[in-house]
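Colleague: Sharing a sequence plus its predicted fold:
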Amino acid sequence: MLRQCSKLIPYKRNLCHGRLLSASLSTHDNVRIGCFSGFWGDSCSFAAQQLVNKGGIHFLVGDYLAEVTMSILAAMKSKNPQLGFCPDFFEHLAPVGPKIVQKEIKVVVNAGGLNPEMCASKLSTLLSQFGLNLNVASVIGDDLMGKDIDIHEVKKIPYNTMNCYLGAEPIACALNNGADIVITGRCVDSALVLGPLIHKFGWKMDEFDKLAQGSLAGHLVECGAQSTGGNFTDWHKISDFSNIGFPIVDVQPDGIFKLTKPIKTGGLVSFGTVAEQMLYEIGDPQCYALPDVNCDFSNVSLNEISEDEVEVAGATGTPPSPNYKVSATYIDGYKATSMAPMIGPFAARKGYVNAMSTIKRCQNIFKKNGMGDFEEINIEALGSESNYGKDMSSSPAKEVVLWSSVRHKNKEALNLWAKEIAGAGTGMAPGFTTLLGGRPRPTPILRFKPFYFPKDLVDVKVSNAKYHPSSVDYSSVQPSSPSEEVKPDSDEGSFSYKLEELAFLRSGDKGNSANLGIICRDKKLYEIIDRKITSDVVKNNLSFLGEELEVKKYCLPGVGAFNFVLENALGGGGVASLKSDPQGKAIGQIFSEFVVHGLKEKSHYLSE
C-alpha cells in the first residue's frame, strides 16, 4: 500500500516570480495550512490524520520547541551525537505518509531541534523504506554553540544551548527548491506558517503588512488546539474535547485569512477563542518583534463570518531589527519536588507543619556536614487555594496535595531531603497518605537567558539550495506602545460582576515573565474596563506572585482588549521555577474572579 503511493510531487516554475510552486496551486489561490502540534508532547494519536484527511490543507505544520526543550535535546545529543531532535515527529508523520504524497501536502516542522540534518536524514531513510520518495530539506545555522560570541555577559556563563530564532525566508527557500518536507531547528514558531506563505504567494521581504498578517496566522495556530477551544474561558461551551479540531488558516494572497477547523470535529472557533490566542504570550502588541517583521496587532479585527470561521485582518508591519533574538540556557544547580496527599481536618496546616519540619531536619544535617543551606523553598497546599494569595478561602480544607519544592547547589543534599520526606508518614502530623510518584529525584535547574546577536554574523544554510537572505533595510529603532494613561474612575451603577462575566482571559509565559490578556465580551465594556483595571490594580491583586512583580499595561482597541505583562512573576519560569504553576497558565483563571464594581445591569453592555 505504501509503495503504491511512492512518487515525487511534481512542480512547475512560475516565471513571473521565479519560484517553484506546487502543481496544484497558483499564486491566485488561497492556501490552507493546518497545525498538528503545539509542543513536544502534544497528542500524536489523531491531529495530523484529522487535518490531512478532513482539512483540505496544502501545508501541514508542527511546532515542537520551547526554550527548555533545547536543553533536554542537548542532554540527548551529548549522550548520542545522532540524537538531539524530537523523535515524536516520526510517530506523527507515519500514519499520514501515503496521504501527504497522494494529496501533495507539504510538511514544515521545527522538530530538528539541535540536529535538523540528522532528523532529515533519518526521516528520508524511513520514508524510502516505505517506498515514499520525498524531498526532505533541513535548515541549519541557528546553533551558536562553539561560536565566538563577543558579548561580556554571555561569556561569563557556561551555556549548554545557544540558538537564534531564525525567520521564515530559509523555509521558503527550501520549498522554492522542491522540498516536500522542511525540518528546521530553532526558529520563531510563526515562521512555520509564514515560510509557506512567502513561497506560495511570492511575497517580498519588504512587504511588511503581508508578513505581519502571515505571522499572525502562524501565531494563532502555533499552539495547536488553543485557538479552537483549548484553554478557553468558556470551557463549558466546548463540545467534545476528545475530538477537538486542530486549527487551519485559509489565507488569501493579500494576507487576510480565516481561521477554522476540520468539519465534524469538536472544539469551537469564535471571536473569543481566536482573541484569547492572539494575546497569548505576547508583550507589546504594537511591537511583536520577529526576525522578518515587527508586527502591530493593536488594530486587528476579528469577525465571525460563519460557524467555526473567523476572519482576521488588520495586522500591520514595520522593518525588523538587524539582530536575531537568541535563546540560551544554562544549568544553575538542582531542584526536587514532592507531592503528598494530606487528608483530614486542618489538612493544609498539618501539611505545612510536616513540610517545614522536614526542611528543618535537613538543614540541621546540612550544617553538620558543611553542605550549605537550601537556596530556595516553596511549599503549597493545593486544594486550600494557596495560589490565590489574600483571596484564598478562609474555610480549612480537609483534603490537599502538599507540593514541596526545594533548590540546592548540591545534588546529594536533595537526595538526602528526598529520603527524609517519607518519615512524615509515621513521625509527624497525621493525614499523610503516600508520596505521589514515589521518592522525588533531583533534576537540573535550566535557566533561560535571551540576548541579541547581529544577523549578518549568522550563517544560515538550506540543505537543498544556496540560501542568500534578501536585502532589507533594518530598523535600529523599534516601535512601542504609548505609556499607560490612567483615567479617572467613576461608577455607572450599583451592580458588580466577576470579570469572567465581562471578558475572556488567557495567560501564558515568556521566561520569568507572564502575560495576562483580557478581552472584552463587547466593545461597550472597553472604556469601562480600561478605567477600572489598571496596571496597579493587577499588581495589587496578584502581589502573591512575588515581591519583585512589575506590571505593564498595553491596549488593543481593535478587538477591545488589554494585555498586561507581569515581569518577575514565575519564580524563574519553566523548569527553573519551584512553583506549581511555573508557566503562568492559571493566572488568567485566578484573575477571572476579580470583581468589577459600579456597573449597570450586565444586559446593558452585552449583546445576546
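Modeller: Right, received. Where do you want to start?

Colleague: State the distance from the spatially most central residue of the chain to Pro291.
Modeller: Nearest to the geometric centre of the chain sits Cys223, at 6.0 Å (CA atoms, centre = their mean). According to CB to CB, to the nearest Å, Cys223 and Pro291 sit 19 Å apart. Any C-beta I mention is one placed from the backbone N, CA and C, and that applies to glycine too.

Colleague: Kindly report the same for Gln252.
Modeller: Per CB to CB, Gln252 is found 24 Å from Pro291.

Colleague: more neighbours, the two?
Modeller: Pro291 (22 against 16; other CB atoms under 10 Å).

Colleague: helix/strand/coil for that one?
Modeller: coil (DSSP: H, G, I helix; E, B strand; the rest coil).

Colleague: got it, and Glu380?
Modeller: Following three-state DSSP, we place Glu380 in the strand state.

Colleague: quick one on the thing from earlier: how about the contacts made by the closest residue to the residue nearest to the centre of the chain other than its chain neighbours?
Modeller: Leaving aside its chain neighbours, Cys223 sits nearest to Gly38 (4.0 Å; criterion: CB to CB, 6 or more residues apart in numbering). Counting by CB atoms under 8 Å, 6 or more residues apart in numbering, Gly38 touches 63, 222-226.

Colleague: returning to what we had before: for the residue nearest to the centre of the chain, report the pLDDT, please.
Modeller: At Cys223, the model reports a pLDDT of 96.

Colleague: Also Ser24?
Modeller: Predicted confidence (pLDDT) for Ser24: 51.

Colleague: and what of Ile157?
Modeller: pLDDT recorded at Ile157 is 82.

Colleague: where does it sit relative to Thr69, distance-wise?
Modeller: Distance, Ile157 to Thr69, using CB to CB: 19 Å.

Colleague: what about those two, which has more around it?
Modeller: Between Ile157 and Thr69, counted using other CB under 10 Å, Thr69 has the larger neighbour count: 21 against 15.

Colleague: I'd like the distance from stretch 344-363 to the chain centre, please.
Modeller: Offset of stretch 344-363 from its chain centre (CA atoms, centre = their mean, to the nearest Å): 35 Å.

Colleague: ok, now stretch 381-391?
Modeller: 26 Å.

Colleague: what does stretch 57-65 give?
Modeller: From the chain centre to the centre of stretch 57-65 is a distance of 15 Å (CA atoms, centre = their mean).

Colleague: And for stretch 145-159?
Modeller: For stretch 145-159, the distance to the chain centre is 26 Å (CA atoms, centre = their mean).

Colleague: Next: stretch 41-52.
Modeller: Centroid displacement of stretch 41-52 relative to its chain, using CA atoms, centre = their mean, is 18 Å.

Colleague: end to end, how far does that stretch reach?
Modeller: End-to-end distance of stretch 41-52 (CA to CA, to the nearest Å): 20 Å.

Colleague: Let's test this: mean pLDDT of it, rounded?
Modeller: On average, stretch 41-52 scores 89.

Colleague: Show me the contact partners of that stretch.
Modeller: 34-37, 57, 60, 62, 88, 91-93, 95-96, 99-100, 103, 105, 224-225, 243, 245-246, 248, 262, 265.

Colleague: Helices - which of those residues land there?
Modeller: 88, 91-93, 99-100 (DSSP state H).

Colleague: Leaving out chain neighbours, which residue sits closest to Leu268?
Modeller: Using CB to CB, 6+ apart, the closest residue to Leu268 is Gly229 (4.3 Å).

Colleague: The nearest residue to Ala397 once chain neighbours are set aside: which element?
Modeller: Once flanking residues are discounted, Ala397 sits nearest to Ser384: 4.3 Å by CB to CB, 6+ apart. In this assignment (DSSP states H and E), Ser384 forms part of neither any helix nor any strand.

Colleague: Ok, Tyr334 next?
Modeller: Secondary structure from DSSP H and E places Tyr334 in strand 323-343.

Colleague: Buried residues of that strand, list them for me.
Modeller: Across strand 323-343, burial judged by 16 or more other CB atoms under 10 Å covers 323-330, 332-342.

Colleague: pLDDT on it, on average?
Modeller: For strand 323-343, the mean per-residue pLDDT is 95.

Colleague: now stretch 536-543
Modeller: For stretch 536-543, mean pLDDT rounds to 96.

Colleague: ok, now stretch 281-288?
Modeller: Mean pLDDT, computed over stretch 281-288, is 96.

Colleague: Check stretch 430-438 too.
Modeller: Across stretch 430-438, pLDDT averages out at 95.

Colleague: What is the end-to-end distance of it?
Modeller: Per CA to CA, stretch 430-438 runs 19 Å from first to last residue.

Colleague: Could you list the residues in contact with it?
Modeller: Contacts for stretch 430-438 (CB under 8 Å, 6+ apart): 338-344, 347, 350-351, 354, 401, 421-422, 424-425.

Colleague: Identify each buried residue in that stretch, please.
Modeller: Applying 16+ other CB under 10 Å to stretch 430-438 flags 431-432, 435 as buried.

Colleague: With stretch 441-459 instead?
Modeller: Neighbour-count burial for stretch 441-459 [16+ other CB under 10 Å]: 442, 444-449, 453, 455, 458.

Colleague: which two of those lie the greatest distance from each other?
Modeller: Farthest-apart pair in the buried residues of stretch 441-459 is Pro442 and Lys455; separation 39.1 Å (CB to CB).

Colleague: and Ser373, how many residues sit next to it?
Modeller: You called it Ser, but residue 373 is Asp. 13.

Colleague: Next one, pLDDT for it please.
Modeller: Reported pLDDT for Asp373: 98.

Colleague: which SS state does it fall under?
Modeller: With three-state DSSP as the basis, Asp373 sits in coil.

Colleague: Quick check: it touching Ile365?
Modeller: No. Using CB atoms under 8 Å as the test, Asp373 is too far from Ile365 to be in contact (11.1 Å).

Colleague: Which secondary structure element is home to Met76?
Modeller: helix 67-79.

Colleague: Check which residues of that helix are buried.
Modeller: So, applying 16+ other CB under 10 Å, buried residues of helix 67-79: 67-74, 76-77.

Colleague: What is the burial count for Ser395?
Modeller: Neighbours around Ser395, by other CB under 10 Å: 8.

Colleague: What does the pLDDT read for it?
Modeller: At Ser395, the model reports a pLDDT of 79.

Colleague: Look up phi and psi at it.
Modeller: phi -80, psi 120 (degrees, to the nearest 10).

Colleague: Next, the contact list for it, please.
Modeller: Under the criterion of CB under 8 Å, 6+ apart, Ser395 has no neighbours.

Colleague: farthest residue from the center of this structure?
Modeller: Outermost in the chain, CA atoms, centre = their mean: Lys368 at 44.3 Å.

Colleague: So for stretch 409-416, mean pLDDT?
Modeller: For stretch 409-416, mean pLDDT is 97.

Colleague: That one: which residues count as buried?
Modeller: In stretch 409-416, counting by 16+ other CB under 10 Å, buried: 410, 413-416.

Colleague: which residues in the stretch 151-300 of the chain form helices?
Modeller: All helices of the stretch 151-300 of the chain, identified by DSSP state H, counting those that start in this stretch, fall at 152-155, 169-176, 191-201, 208-221, 271-279.

Colleague: ok, back up a step: got the confidence number for the residue farthest from the centre of the chain?
Modeller: Lys368 is assigned a pLDDT of 97 by the prediction.

Colleague: Tell me the spacing between it and Glu376.
Modeller: When distance is defined by CB to CB, Lys368 is 21 Å away from Glu376.
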